[in-house]
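Visitor: any chance you can model this:
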Amino acid sequence: MKSAVHDVIMRRRSVRAFDDRPIEAEVVDALLDAAANAPSGGNIQPVSVILVRDARARERLAAIVGRQPWVANAPLSMVFCLDFHRTKRWARLFEVDSSLEDAFQSFLIGYADVVCAAQNVVLVAEDLGLGSVYVGTIQSAIDDAREMLGTPQQVAPLLVLSLGYPKRIPTGIRKLGARAMAHEERYEDPDDDELREAFDTKYGAIDEDFERYLERAYVELVEAERQGEEAWPRVTRSRAKRLNVASNAQFLFELRYPSRALARGNRRIVESLGRAGFSMGLGDAGESDER
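Guide: Numbering: from 1, shown residues only. A predicted model of the protein is given here:
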């Protein structure tokens, strides 16, 4: 059985090339309504959304998240924040302590709320003819993002969603099949052949023309080059040649998302969250910078 929502989900793809056309006020209002009506643990709604539309602010935000040009070029970026500050202030009006920032479980549930709110926006945006792309690298620059956005303690910018009317929509971007992700009653580990086939179907052959492969498997690199960010694509191609990339797994975990490099960022992120007032019961993660 299919539905209109199913159709929206199935056609959605991350868009990184946007027209200059501004997004109408009533459309932005609809997107914010969608965010506000997302599922939320305990219906606490510890989510704030900061709208970034000014051209210079978009440029600064793009630099903070790793020089991703679509953040600068999109007419609107929504920065989704985990916000325990608002809830804490409200509780204090009634002389009640709500130290959600001290519990790791509250952080996890709150982050799920952030993602639910953002995904509601993505689906409504798609239905209204907009394109969107998630940018998670703000998590590696929380301190800089907080300074730019003026967030108080217990507010952490964790996700950027850039939106606009699409100039180009990627095609040929495959996903794992539903059966590869679904399990009946208990986890079912596939055999090696089934596992290989599932990912081969998703990514395709890496031994074809490398530029065509990038169009399908690393579309953000291709778009970065099209939008004038040449250093990143040049370095990536050089690294791919040096590594002699021969498999999709090698491409993903040695070139695109090097596992060791990601792990090295753990302490920086935890310390940044600590400076933002999220102890999460993890000890002295960072010094407070009360504002």
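Visitor: residue ranges of the strands in the stretch 101-250 of the chain, please?
Guide: For the stretch 101-250 of the chain, the strands defined by DSSP state E, counting those that start in this stretch occupy 131-135, 155-164, 166-168.
Visitor: now do the buried residues in the first one.
Guide: Buried residues in strand 131-135, defined by neighbour count with 16 or more other C-beta atoms under 10 Å: 131-133, 135. From N, CA and C alone the C-beta is placed, and that goes for glycine too.
Visitor: helices or strands up against it?
Guide: helix 104-127, strand 155-164 (3 or more C-beta pairs under 8 Å, 6 or more residues apart in numbering; DSSP states H and E).
Visitor: can you lay out the strands of the stretch 101-250 of the chain as JSON lines showing mean pLDDT and distance to Glu185?
Guide: Output for these, formatted as JSON lines (pLDDT from 0 to 100; distance: least, C-beta to C-beta, whole Å):
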{"stretch": "strand 131-135", "mean pLDDT": "98", "distance to Glu185": "32"}
{"stretch": "strand 155-164", "mean pLDDT": "98", "distance to Glu185": "33"}
{"stretch": "strand 166-168", "mean pLDDT": "95", "distance to Glu185": "41"}
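Visitor: and among those strands, the most buried is which?
Guide: Ranked by mean neighbour count, those are led by strand 155-164 with a mean of 25 (mean count of other C-beta atoms under 10 Å).
Visitor: how far off strand 131-135 does that one point, in degrees?
Guide: 150 degrees (axes from the mean of the first three to the mean of the last three C-alpha atoms, to 10 degrees).
Visitor: who wins for proximity to Leu273 among the helices and strands packed on strand 131-135?
Guide: Checking the helices and strands packed on strand 131-135 against Leu273 by C-beta to C-beta gives strand 155-164 as the closest, at 5.9 Å.
Visitor: what helices and strands are in contact with the closest one?
Guide: Packing partners of strand 155-164 (3+ C-beta pairs under 8 Å, 6+ apart): strand 17-18, helix 69-73, strand 76-83, helix 104-127, strand 131-135, helix 142-149.
Visitor: now do 6 Å
Guide: Strand 155-164 is packed against strand 76-83, helix 104-127, strand 131-135, with contacts defined by 3 or more C-beta pairs under 6 Å, 6 or more residues apart in numbering; DSSP states H and E.
Visitor: what about stretch 67-78, average pLDDT?
Guide: Taken as a whole, stretch 67-78 carries a mean pLDDT of 96.
Visitor: gap between the two ends of it?
Guide: 17 Å (C-alpha to C-alpha, to the nearest Å).
Visitor: where in the chain is pLDDT low?
Guide: 208, 283-291 (pLDDT under 70).
Visitor: look at Arg16 and say how many residues are nearby.
Guide: 29 (other C-beta atoms under 10 Å).
Visitor: from what I see, it and Trp70 are in contact.
Guide: Yes: at 4.0 Å, Arg16 and Trp70 qualify as touching, with contact defined as C-beta atoms under 6 Å.
Visitor: re earlier: want to throw the buried residues of strand 131-135 into JSON lines with distance to Ala55?
Guide: Output for these, formatted as JSON lines (distance: C-beta to C-beta, whole Å):
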{"residue": "Gly131", "distance to Ala55": "19"}
{"residue": "Ser132", "distance to Ala55": "19"}
{"residue": "Val133", "distance to Ala55": "18"}
{"residue": "Val135", "distance to Ala55": "17"}
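Visitor: nearest to Val79 among the residues you listed?
Guide: Val135 (9.4 Å).
Visitor: and the residue nearest to the closest one when sequence neighbours are not counted, how close does it get to Asp33?
Guide: Among residues not flanking Val135 along the chain, Val160 sits closest, at 4.0 Å (C-beta to C-beta, 6 or more residues apart in numbering). Counting by C-beta to C-beta, to the nearest Å, the gap from Val160 to Asp33 is 20 Å.
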